[in-house]
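# With the input below, show me the fold.
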Amino acid sequence: MYRELFDLELQQEMTSFYLNHLSKLGISKAYKKGEEINPPHADEIYIVIKGALKEVLYSSDGDEICFFRLPVGTIGGEMDYFDGLRTCVLMKAIANSVVCSVRRNVLERELEKYPKIYRYFIHSITRKYRLLMLKMADDKFNDSTGKLASTLLRFAAMQEGELKNDTTIEYRYTYTHEELAKYLGCSRITVTNVLNFFKENNLIDIQNRHITIKNVDGLKQYVKSLWF
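Sure, this is the predicted structure:
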């Protein structure tokens, strides 16, 4: 079912449009790792040209939750833009990055000229909704082992459009154990122990912080889910 949930062809078409057309109409700015984009309005969308961002929310005591990662060719701020209201979610550079902002008057002109591009924004929003849906299902149905197995399978499916053995998760800015722990809502040592368990059982391999899924069906055995 991951093939249906994450349409790789449409994703590639969408990112190509953002990078090769829409970004030419905006203003690009460089951000250092750790810098935040927290606009006071909802009148722009943001295209990642170089590097990577994450969309995050902070608690009152400074704790952070990451909702989505934004690699090159993806966008942020689209939900606020179409809703017309600024929310408390902000974007944070996870590496030195270049981001293009496109103002409302420019984007509205393009939407009038090419109504088809609404489809790209709907795809981006729908994709994020589905990711949150899967994350909520993991939190409800799976223990820490199941959540990590499900997350690795999801990363692979998002990259390849399907699940297959010997897929190396090629996130250029790889999750650290600490980031995975925050994402999964467990401790760092739990993430390390589960990854070691998967490796010892020949389900994954880890080289230079890149994870290769060696046995898709083996990982599935730890996941209580209907999404495969």
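# And the pLDDT for the residue lying farthest from the centre of the chain?
What lies farthest from the middle of the chain is Lys113; by Cα atoms, centre = their mean that is 29.3 Å. Per-residue confidence (pLDDT) for Lys113: 94.
# and what of Leu10?
pLDDT for Leu10: 84.
# wait, it sits on Ser124?
No - the pair Leu10 and Ser124 fails to qualify as a contact (Cβ atoms under 8 Å) at a distance of 10.1 Å. (C-beta placed from N, C-alpha, C; glycine too.)
# More neighbours: those two, which one.
With other Cβ atoms under 10 Å as the criterion, Leu10 and Ser124 differ in neighbour count, and Ser124 comes out ahead with 22 against 14.
# Which is the succeeding secondary structure element to the host helix or strand of the more buried one?
Taking DSSP states H and E as the definition, one finds Ser124 inside helix 118-141. Elements were assigned by DSSP H and E; along the chain past helix 118-141, the next helix or strand is helix 144-160.
# Can you tell me what sits against that following helix?
By Cβ atoms under 8 Å, 6 or more residues apart in numbering, the surrounding residues in contact with helix 144-160 are 2-3, 5-6, 8, 131, 134, 138-139, 142, 163-164, 167, 169-171, 180, 183-186, 190-191, 194-195, 197-198, 204, 211, 213, 216, 219-220, 222-225, 228.
# The very next helix or strand once past that helix pairs with which strands?
Secondary structure here is assigned by DSSP H and E; on that basis, the next helix or strand after helix 144-160 toward the C-terminus is strand 167-168. With DSSP bridges as the criterion, the sheet partners recorded for strand 167-168 are strand 210-213 (antiparallel).
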